[in-house]
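[1] Sequence first, predicted coordinates after that:
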Amino acid sequence: MVKDIVNGVLITSLIFFISVLIPIVGFVGALFIPLPILFYRLKLGRNTGATIPIISSVIMIALIGDVSLDVLFFAGLLLIGFILGEMIELNLSIEKTILYACGSVLISGLIGLLLFSILSGEGIYTIVSNYVAKNLELTMVLYQNMGMSDESIQMISTSLDKIHGALVRIIPALVSVSTLFVAWTSILLAKPVLMRRSLFYPDFGPLNLWQAPEYLVWGVIGCGLTLFFPNEAIKIIGLNGLLILMSVYFFQGIAIVSYYFNKKNFPRMIRIFLYTLVAVQQLVLLAVIGLGFFDMWFNFRKLAKQTG
């Protein structure tokens with residue numbers, strides 16, 4: 001048991017180190033942080049498994065040097081892993097597993113942000129705005145270190161204020177979508193690990209047949225209509241809601257793509273290449289979202305069965 005706790009803390013801390021020390025792979029590394037927490041939660045049980053994220057959080061605070069939004073971010077990743085373990089043990093549907101885990105993490109994060117605001121004496125908007133500005137500055141330094149041309153850097157610098165303003169406005173959606181993406185990815189990554197160790201993994205069914213509830217389309221229509229309102233606050237709320245709903249349809253689109261990959265027996269390397277294309281090409285990303293959204297009317301996988 002002690003060995004498992006030590007291993008869990010070491011693995012989690014190692015992933016954390018890589019994410020912090022190598023920013024260019026930081027986001028990819030962050031995707032793996034919930035995995036050891038989820039694994040040892042199911043292997044060791046609730047009480048013993050909880051010691052791993054607690055000890056890991058202490059190590060993170062010690063390394064970062066203070067309690068900041070970075071700590072809240074990484075603590076949220078630890079919490080995702082632990083709560084997903086709880087949901088998996090309850091043998092819930094994939095929708096409830098993701099929804100309850102993301103909801104719990106987002107509510108906990110909001111409470112943490114409120115406490116941080118009270119302790120620091122700064123308003124939430126100021127805290128978030130400063131955090132976004134700091135990360136934009138780090139991004140510019142990263143671009144310079146990567147050898148980006150001075151002309152390109154200058155072009156980005158002149159638009160930095162607009163980029164900052166836009167990011168602050170959609171930060172609720174960015175946080176929600178990131179949480180959803182990490183939770184979904186953790187579920188997918190956990191399956192082979194848990195099954196290899198003979199630990200329980202729910203029968204979610206074939207996820208490449210997953211469909212979003214049909215009523216969500218009314219949310220898309222409603223959020224879209226708010227963008228025509230003269231009130232700026234309503235526009236921001238609608239925009240954030242629209243981005244979150246689009247992420248749901250992105251997962252449905254990816255499910256359709258995965259379905260066709262399996263149906264046509266695409267080689268693994270081609271699949272990896274095409275998935276990477278989705279991640280780096282905005283037009284391809286939008287096409288996948290559109291595929292998921294219009295699937296409600298066209299049911300592409302049913303069409304594939306009929307034509308097959």
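    That came through fine.
[2] doesn't residue 58 make contact with residue 16?
    No. With contact defined as CB atoms under 8 Å, residue 16 does not count as touching residue 58 (12.0 Å). For every residue, glycine as well, the C-beta is placed using N, CA and C.
[3] can you give me the helices for the stretch 101-250 of the chain?
    124-145, 150-158, 160-169, 171-196, 216-226, 232-263 (DSSP state H, counting those that start in this stretch).
[4] Show me what counts as buried in stretch 207-219.
    207, 208, 210, 212 (16 or more other CB atoms under 10 Å).
[5] Show me which of the residues you listed is closest to residue 50.
    If you rank the buried residues of stretch 207-219 by distance to residue 50 using CB to CB, residue 207 comes first, at 28.2 Å.
[6] Give me the distance between that closest one and residue 187.
    8 Å (CB to CB, to the nearest Å).
[7] same thing with residue 119?
    34 Å.
[8] When the two are compared, which one has more neighbours?
    Per other CB atoms under 10 Å, whichever of residue 119 and residue 187 has more neighbours is residue 187, with 22 against 9.
[9] any residues in contact with both of residue 207 and residue 187?
    Shared contacts of residue 207 and residue 187, defined by CB atoms under 8 Å, 6 or more residues apart in numbering, comprise residue 94.
[10] picking up where we left off before, which one of residue 16 and residue 58 has more residues nearby?
    More crowded of residue 16 and residue 58, by other CB under 10 Å: residue 16, with 23 against 11.
[11] sorry, back to before: now flag whichever of the buried residues of stretch 207-219 is closest to residue 142.
    The closest of these to residue 142 turns out to be residue 207 (CB to CB; 34.1 Å).
[12] List the contacts of that closest one.
    Residue 207 touches 94, 188, 255, 258, counting by CB under 8 Å, 6+ apart.
[13] Of these, just say which sits nearest to residue 162.
    Relative to residue 162, the closest of the contacts of residue 207 is residue 255; by CB to CB it sits at 34.8 Å.
[14] Pull the contacting residues for the closest one.
    Neighbouring residues of residue 255 by CB under 8 Å, 6+ apart: 207, 208, 209, 210, 211, 292.
[15] how about 7 Å then?
    207, 208, 209, 210 (CB atoms under 7 Å, 6 or more residues apart in numbering).
[16] Check residue 284 too.
    277, 278.
[17] Please apply the same query to residue 245.
    By CB under 7 Å, 6+ apart, residue 245 lies in contact with 216, 219, 220, 223.
[18] is it true that the last one touches residue 243?
    No. Assessed by CB atoms under 7 Å, residue 223 is found out of contact with residue 243, at 8.7 Å.
[19] higher neighbour count, those two?
    Neighbour comparison, residue 223 and residue 243: the larger count goes to residue 223, with 19 against 16 (by other CB under 10 Å).
[20] what's the distance between that one and residue 247?
    13 Å.
[21] cool, residue 50 as well?
    Distance, residue 50 to residue 247, using CB to CB: 29 Å.
[22] per-domain residue ranges of this protein.
    1-204, 206-308 (automatic domain parsing).
[23] pLDDT averaged over the longest one - what is it?
    Looking at domain 1-204 alone, the average pLDDT works out to 88.
[24] Also stretch 229-240?
    94.
[25] Give me the buried positions along it.
    Buried, per 16+ other CB under 10 Å, within stretch 229-240: 236, 238, 239, 240.
[26] Touching, the last one and residue 173? I think so.
    Which is residue 240. Yes. Contact between residue 240 and residue 173 holds when scored by CB under 7 Å: they sit 4.1 Å apart.
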